[in-house]
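J.: fold the following, please.
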Amino acid sequence: MRTILSIFAFAGMTLSIYSCGGSSEPKKTEAPVKEEVAVVVTQESNELGKKIYNEKCIVCHMANGEGIPGAFPSLVGSEYLLTNKVGAIAQTLNGAPGGSTIKGIVYNAPMPPQVDTKEEAVAVINFVLNEWGNNGGTVTLEDAKDIVINPR
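T.: Take a look at the predicted model:
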């Protein structure tokens, strides 16, 4: 008899707990607020970006990032670089045909692909975005997620 009473008591408590929720309409939930997360470029990533720049990019864009007028554009204060970071990642991965005009200067030299992975591209772009007085922020692998690496 005690067992049966215990079961009814437990069932009654459970029912009362679940029925205290108010109306039977489903509760409206708000979309989660997307918090901005500061991207931290690790020392390891920055060193990788610097290494890649010094091995591959320095030949054209020079040690000071100023490039060679008429051949290779400057990366210092580059409007394209600072406003089209995803495009910069794509160019690093897939190259660029050349034939662009930047601030009235024509650059005809093509840029071959410089790196093989998105991780390498992100590292070198983050290095360039914050070198030579650039205050360009950062890019992440998430920024590069939709870039297709062309076959070579």
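
J.: for the rest of this, base every contact and every neighbour count on C-alpha atoms.
T.: Will do.

J.: which of the helices and strands in the chain ranks last by mean pLDDT?
T.: Averaged element by element with mean pLDDT, DSSP states H and E, the chain has its least confident helix or strand at helix 2-19 (a mean of 40).

J.: shaky segments in the chain?
T.: The model of the chain has pLDDT under 70 over residues 1-40.

J.: all strands of the chain, in order?
T.: Taking DSSP state E as the criterion, the chain contains strands spanning 100-102, 105-107.

J.: including mean neighbour count and distance to Ala63, could those go into JSON lines?
T.: Formatted as JSON lines, those follow (neighbours: other CA atoms under 10 Å; distance: least, CA to CA, whole Å):
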{"stretch": "strand 100-102", "mean neighbour count": "14", "distance to Ala63": "20"}
{"stretch": "strand 105-107", "mean neighbour count": "15", "distance to Ala63": "19"}
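
J.: ok, for the spatially most central residue of the chain, nearest residue in space, not its chain neighbours?
T.: With the centre of the chain defined as its mean C-alpha position, the nearest residue by CA atoms, centre = their mean is Thr140, 2.2 Å away. Closest residue to Thr140 in three dimensions, ignoring its sequence neighbours and counting by CA to CA, 6 or more residues apart in numbering: Val122, at 6.3 Å.
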